[in-house]
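**Student:** sequence-free structure coming up:
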């Protein structure tokens, strides 16, 4: 691990800035860890994680990191002056083993809770890879596999590194980003990891996560208006910068109903898809949405980021790239493809905001996350989801 405040995905900081500007920094939230990989025993990780969380508390933004963030025009001086004094608070973490499961919750002000998501996920992912034997040989295997996977990519095939949360180790992550930046300059468009973007002088990627839409379900808006207000508030803060709307906090149909406003479909540069079982069908649905509103789809972009490997991404590219701009965020298959069983499907999602339940439903039933089944049912009825 790099033990840097910037060893985090950019969307952590863009959302943190947005909630500060909108006056939501102190809103109380609860975030929960979930491992979707069956049969994995994570109960023994608690001791390691407690020590690691204590070490996180000593991390602060360095002067050169501050200067780097100042160079990104969408971060304001006001926010960065707050960030200079930000510290992780270990007392916000509630964790214990339960059978083979790891119960892990983050509870506290939204501004302070959100940055824990990525460091906790990659700490678990790296420790799991380590105890399963990740070593220099596996590192070399991963680099060899990456070379094979990226031979003869089409010139306008664009992809970014979205692999911070489930990487096998930080050293491998660094090597992969460096390889892609050096050897695939026409294909590799950047990384979601701010530390590596700074280190390798490449573009930082990332806008909003599901947490942004979820929180708006309990930020004193009518529930039916919550998704629209999430988009509108993003525009209030970024004025057209970072213009990709996440399409699956509820599901695609609910997203398109709420996105059907010229303010949104004209101003946003495109959409990001993160849970669609049939991404090609999703792509055609988005293309038709733009066409019917008099928008040339080639002026917009879809970013696909749902459990991608290069073969799956190339099949989507082949089907859609002549109709709309496409780009791909590749995560686990990029930063944890060692040829060995070192991968975990792990997430941390918001489950409470302002003391009330929130939910991510998405397009894939296995990705629904909420601690209140009654709220999920109510949310589905409000948004007319079968």
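**Tutor:** Arrived safely. Just so you know, these numbers come straight off a predicted model, no measurement behind them.
**Student:** any idea of the pLDDT on the closest residue to residue 75 other than its chain neighbours?
**Tutor:** The spatially closest residue to residue 75, leaving aside those adjacent along the chain, is residue 69, at 5.0 Å (C-beta to C-beta, 6 or more residues apart in numbering). For every residue, glycine as well, the C-beta is placed using N, CA and C. We note a pLDDT of 98 for residue 69 in this prediction.
**Student:** Can you list the helices and strands that the helix or strand residue 69 falls within packs against?
**Tutor:** When elements are assigned from DSSP states H and E, residue 69 belongs to helix 63-70. Helix 63-70 sits against helix 77-83, helix 194-200, with contacts defined as 3 or more C-beta pairs under 8 Å, 6 or more residues apart in numbering; DSSP states H and E.
**Student:** Can you give me the buried ones in that helix?
**Tutor:** Judged by neighbour count using 16 or more other C-beta atoms under 10 Å, the buried positions of helix 63-70 are 65-66, 68-69.
**Student:** which one of those is nearest residue 125?
**Tutor:** Comparing these against residue 125 with C-beta to C-beta places residue 65 closest, at 23.1 Å.
**Student:** do you know how far the closest one is from residue 8?
**Tutor:** The span separating residue 65 from residue 8 equals 11 Å under the rule C-beta to C-beta, to the nearest Å.
**Student:** With residue 41 instead?
**Tutor:** Taken as C-beta to C-beta, the spacing of residue 41 relative to residue 8 amounts to 27 Å.
**Student:** which one of the two has more residues nearby?
**Tutor:** In terms of neighbours (other C-beta atoms under 10 Å), residue 8 is the more surrounded of residue 41 and residue 8; the figures are 25 against 12.
**Student:** how about that one, what does it touch?
**Tutor:** 115, 118-119, 164, 193-195 (C-beta atoms under 8 Å, 6 or more residues apart in numbering).
**Student:** now residue 228, nearest residue through space, not along the chain?
**Tutor:** If you skip the residues right next to it in sequence, residue 228 has residue 258 as its closest partner in space, 4.8 Å away by C-beta to C-beta, 6+ apart.
**Student:** Please, which helix or strand holds that neighbour?
**Tutor:** Taking DSSP H and E as the criterion, residue 258 maps to helix 252-259.
**Student:** For the helix or strand following that helix, list every residue counted as buried.
**Tutor:** If you walk from helix 252-259 toward the C-terminus, the next helix or strand you reach (DSSP H and E) is helix 262-267. Within helix 262-267, the residues scored as buried using 16+ other C-beta under 10 Å are 264-265, 267.
**Student:** Packing partners of helix 262-267?
**Tutor:** Helix 262-267 makes packing contacts with helix 226-238 when contacts are defined by 3+ C-beta pairs under 8 Å, 6+ apart.
**Student:** From residue 157, how far out is residue 186?
**Tutor:** Distance, residue 186 to residue 157, by C-beta to C-beta: 9 Å.
**Student:** The two - which one has more neighbours?
**Tutor:** In this comparison of residue 186 against residue 157, neighbours counted by other C-beta under 10 Å, the higher total goes to residue 157 at 21 against 11.
**Student:** now residue 180: how far from residue 157?
**Tutor:** The gap separating residue 180 from residue 157 is 12 Å, by C-beta to C-beta.
**Student:** Identify the contacts common to the two.
**Tutor:** Once C-beta under 8 Å, 6+ apart is applied, the residues that residue 180 and residue 157 both contact turn out to be residue 187.
**Student:** And for the nearest residue to residue 79 once chain neighbours are set aside, the neighbour number?
**Tutor:** The shortest distance from residue 79 to any residue other than its chain neighbours is 4.3 Å, reached at residue 17 (C-beta to C-beta, 6+ apart). Neighbour count of residue 17, defined by other C-beta under 10 Å: 21.
**Student:** Quick one: list the elements packing against the helix or strand hosting residue 17.
**Tutor:** Assigning secondary structure by DSSP H and E places residue 17 in helix 10-21. Under the contact criterion of 3+ C-beta pairs under 8 Å, 6+ apart, the helices and strands touching helix 10-21 comprise helix 77-83, helix 110-113, helix 194-200, helix 210-215, helix 226-238.
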